[in-house]
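A.B. asks: here's a sequence, model it:
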Amino acid sequence: MSSEAEDRLATEAGSRGIAERPAEAPGTRDERGRLNLTNPKAIRALAHPIRWALLEALGQAGTLTATQASEMLGESPANCAFHLRTLAKYGFIEEAGGGRGRERPWRQVFDSMSWRTSSEDPQTTLAAQALDQVWLDRSLARARRSMTSRASWPESLDDAMGGSTSRSYLTPREANEIYAELQKTFERLLGSGSSHIVERKDPRLRPPDALPMEFVLLGYPVLDLPPIPEDDDHDDFPDGQPEPPG
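C.D. replies: Here you go, the predicted model:
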């Protein structure tokens, strides 16, 4: 039986009130509470545009039913219910309680997550590569839409935010050290190290003028630069001057 067929059977069983299978742990948590994905099945399950969009919607709203999620994403309630149950099966979300009838509110069970593309397990590597693609597609598309619509930004953000690119020639060790320091700064200012920011995950605790701000940290080797031409063995112009035309 295919994984998708199993997911659908679990969804149908849940809608009839039959106990669902226990969630499969997606990974482990570090000392900061970040979820480190290691389960290839869970990573593969998350590598789906609608499921990733549902996680983002839950991060924005706090809790959502399938009907509410469908209004945010423009998907059918049945489709959202199926994908929400799949996320729950793999331990990414849980029931929040307080629902009416079949309308179950859901919430995330983590504040942040990470995964590694390089793994000794080929299945984990392939799953992580698929998740990389989903994450990059959504993040870069959203960044492009916003960065090309700066006229629509609040006036208070004029020249305060934007983008920049810096290229340096570094050894792998130097690049790793710089990226690690940047990650630490992100974590200190925006992650679990900043309690007042974490509290704002609850929509009720956000200041009236708070806007969703996204910071994407990317570090990568440039793989498509043209090669530098090699020095010629002889001068085209021995006397240092080009020959006159004709």
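A.B. asks: quick one, domains of the chain?
C.D. replies: Using automatic domain parsing, the domain ranges for the chain come out as 3-114, 171-205.
A.B. asks: what's the neighbour count on Thr28?
C.D. replies: By other C-beta atoms under 10 Å, the residues close to Thr28 number 11. Bear in mind the C-beta positions are built from the backbone N, C-alpha and C, glycine included.
A.B. asks: hmm, Arg34 and it touching each other?
C.D. replies: No: using C-beta atoms under 8 Å, Thr28 is not in contact with Arg34; the gap is 9.6 Å.
A.B. asks: which parts of this structure are helices?
C.D. replies: 3-15, 40-46, 49-61, 66-73, 77-89, 122-147, 172-190, 195-199 (DSSP state H).
A.B. asks: quick one, what contacts the nearest residue in space to Ala42 that is not next to it in sequence?
C.D. replies: Spatially, and ignoring its direct neighbours in sequence, Ala42 is nearest to Pro26 (3.6 Å; C-beta to C-beta, 6 or more residues apart in numbering). Pro26 is in contact with 35, 37-39, 42-43, 46, 90-92, counting by C-beta atoms under 8 Å, 6 or more residues apart in numbering.
A.B. asks: and the gap between Asp159 and Ser112?
C.D. replies: Look at Asp159 and Ser112: by C-beta to C-beta, to the nearest Å, they are 29 Å apart.
A.B. asks: out of the two, which sits in the busier spot?
C.D. replies: A count of neighbours by other C-beta under 10 Å puts Ser112 above the other of Asp159 and Ser112, at 18 against 6.
A.B. asks: start to end distance for stretch 34-52?
C.D. replies: Using C-alpha to C-alpha, to the nearest Å, the end-to-end distance of stretch 34-52 comes out at 17 Å.
A.B. asks: and the nearest residue to Ser139 once chain neighbours are set aside, how many neighbours?
C.D. replies: Counting by C-beta to C-beta, 6+ apart, Val216 is the residue found nearest to Ser139 once chain neighbours are left out, at 5.4 Å. Other residues lying near Val216 total 11 when counted by other C-beta under 10 Å.
A.B. asks: ok, now which ones touch Val216?
C.D. replies: 139-140, 143 are the contacts of Val216 under C-beta under 8 Å, 6+ apart.
A.B. asks: surely Lys201 and Gly59 touch.
C.D. replies: Yes: contact criterion C-beta under 8 Å: Lys201 and Gly59 qualify, at 7.0 Å.
A.B. asks: might you list the low-confidence residue ranges for this structure?
C.D. replies: Across the chain, the ranges flagged by pLDDT under 70 are 1-24, 32, 101, 158, 191-199, 232-246.
A.B. asks: which residues does the residue most central in space within it contact?
C.D. replies: Geometric centre of the chain, nearest residue: Trp135, 4.4 Å, by C-alpha atoms, centre = their mean. By C-beta under 8 Å, 6+ apart, the residues touching Trp135 are Trp52.
A.B. asks: with that, I have no additional questions.
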